[in-house]
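1. fold the following, please.
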Amino acid sequence: MNISKLIFFPKPTDADINTQTLLNTLIESQFITAKELKTNHYLPGERFLNLITFLGCSPKINLFPVDGESHCFISFIEPTGLPSCVGYTKTAYPKCPSCTKRIVNWKIPDWKLPGKLCKCDKCQTITPYTELNWKHECGFARYGFLITQIYPYEAVPTDQFLHILNQFSDLEWSYCYANN
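-> As a prediction, this is how the structure comes out:
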């Protein structure tokens, strides 16, 4: 079963961060609770709804476990040696950084793996998948964290939250949605 997610990761994609410091930052900012519900499973903290903005009319999201229902939780992505795909939407179509046109035939076998290259079907420019313009519909990174039960474009991080992430790591952070 696919679970929709909102995924956060540092830029550049090959950035090296201290995951313990990231955990402490998320706890101190009250984005997550200090206690793990189970391994790598944190509940939203008291300021979660101040740091993530939900869009549209009355989104339904369970912030706490209820028997028989799915709930929102935050977990950390297992660190990798090289940037790889951390998630994508089923409707993702990247844009070429050279001609800025939508790349229609972008999927190749193993495209999610580190080092794979994409050839633009319009201008023939060859670009690493990590450098395509995914418009928040795909992300590549070595580290990061995710929030489950967030549907694509249902919520966005506040500028304040992105500032907290940027400040702790001295790196720019980005995000993407995933339902793969």
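2. the protein: strands as residue ranges?
-> 5-11, 32-38, 41-44, 52-54, 74-76, 84-88, 117-119, 126-128, 138-141, 145-148, 155-157, 172-178 (DSSP state E).
3. okay, these, which one's buried deepest?
-> The highest mean neighbour count among these, using mean count of other C-beta atoms under 10 Å, belongs to strand 138-141: a mean of 27. Quick note: C-beta positions are derived from backbone N, CA and C, even for glycine.
4. who touches it?
-> 7, 9-10, 13, 15, 77, 83-89, 92, 94, 129-130, 132, 174-176, 178 (C-beta atoms under 8 Å, 6 or more residues apart in numbering).
5. try 7 Å this time
-> Under the contact criterion C-beta atoms under 7 Å, 6 or more residues apart in numbering, strand 138-141 has outside partners 7, 9-10, 13, 83-88, 92, 94, 129-130, 174, 176.
6. check pLDDT for the residues you listed and point me to the minimum.
-> By pLDDT, residue 13 ranks lowest within the contacts of strand 138-141, coming in at 83.
7. not counting its neighbours along the chain, what's nearest that one?
-> In space, and not counting its chain neighbours, residue 13 is closest to residue 83: 3.8 Å by C-beta to C-beta, 6 or more residues apart in numbering.
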